[in-house]
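Asks: quick one, structure for this:
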Amino acid sequence: MEIKFKGLCSKLIIELKSKGIKDQKVLDAISVTPRHLLFDPVFRDKFAYQDIAFPIGENQTISQPYTVAFQTELLAVSRGSKVLEIGTGSGYQTAVLCQLGAKVFSIERHKSLFKNAKLFLNQNNYRAQLFFGDGFIGKKVFAPYDRIIVTCGAPFVPNDLKSQLKVGGRMVIPVGEGEVQQMKLIQRLNEDDFKETNFGDFRFVPMLKNINN
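Replies: Numbers count the residues shown, from 1 in each chain. Take a look at the predicted model:
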């Protein structure tokens, strides 16, 4: 990473710490993930390492770094964890998970975002497996997963995703049909039982069904 962007990213890390992010592994992963490469050059200096969401097309956004850090910290990823990500988007969250050593399977519904994210991840040697498809049904062929992360606002917790979570696994998912969603941690206790914990209000673009672009 260029010195200029390293400095901006260092300031972002200080801000994330001040907002309560404590997991040093998560902070270290964010500190080496080149978020600026996901921005048009005209916007990089001003916006790439601000703690804000930013439009990436298709009425979608690259997530606010705090949200990425919060979800990743809650997910509690270990090196080698098999992670299903619903909503590749720009590929930023995907890259952070790869930096942590996770084996990532990521689904994106928008074809243009899927193509752009795949290019970014390949060019920067992030070895995630990307799929164009419907996040509501997950990717059963590679299940079960140690962790599942949903990066868009789900109207409910899809049963297909719950069924693909390993016993002892964790799913982090924002749930709600309005402008504000509740961040939920869902832990699979055994084959039939799940524990659900709420972690406050967040704002996400909606999770979309069907595939038509």
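
Asks: can you show me the strands along this protein?
Replies: Assigned by DSSP state E, the strands in the chain fall at 54-57, 60-62, 82-86, 103-108, 129-132, 145-150, 165-175, 181-188, 194-202.

Asks: now tabulate those strands in TSV and tack on mean neighbour count and mean pLDDT.
Replies: (Each C-beta comes from the backbone N, C-alpha and C, glycine too.) Output for the strands of the chain, formatted as TSV (neighbours: other C-beta atoms under 10 Å; pLDDT from 0 to 100):
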stretch	mean neighbour count	mean pLDDT
strand 54-57	15	90
strand 60-62	20	90
strand 82-86	24	99
strand 103-108	24	98
strand 129-132	17	98
strand 145-150	25	99
strand 165-175	20	99
strand 181-188	19	98
strand 194-202	12	97
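
Asks: ok, the most centrally placed residue in the chain to residue 35 distance?
Replies: Taking C-alpha atoms, centre = their mean as the criterion, residue 93 is the residue nearest the geometric centre of the chain, at 3.8 Å. For residue 93, the distance to residue 35 (C-beta to C-beta, to the nearest Å) stands at 11 Å.

Asks: distance to residue 1 added to the strands of the chain, as a markdown table?
Replies: Shown next, in a markdown table, are the strands of the chain (distance: least, C-beta to C-beta, whole Å):
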| stretch | distance to residue 1 |
| --- | --- |
| strand 54-57 | 18 |
| strand 60-62 | 17 |
| strand 82-86 | 23 |
| strand 103-108 | 21 |
| strand 129-132 | 23 |
| strand 145-150 | 24 |
| strand 165-175 | 27 |
| strand 181-188 | 29 |
| strand 194-202 | 28 |
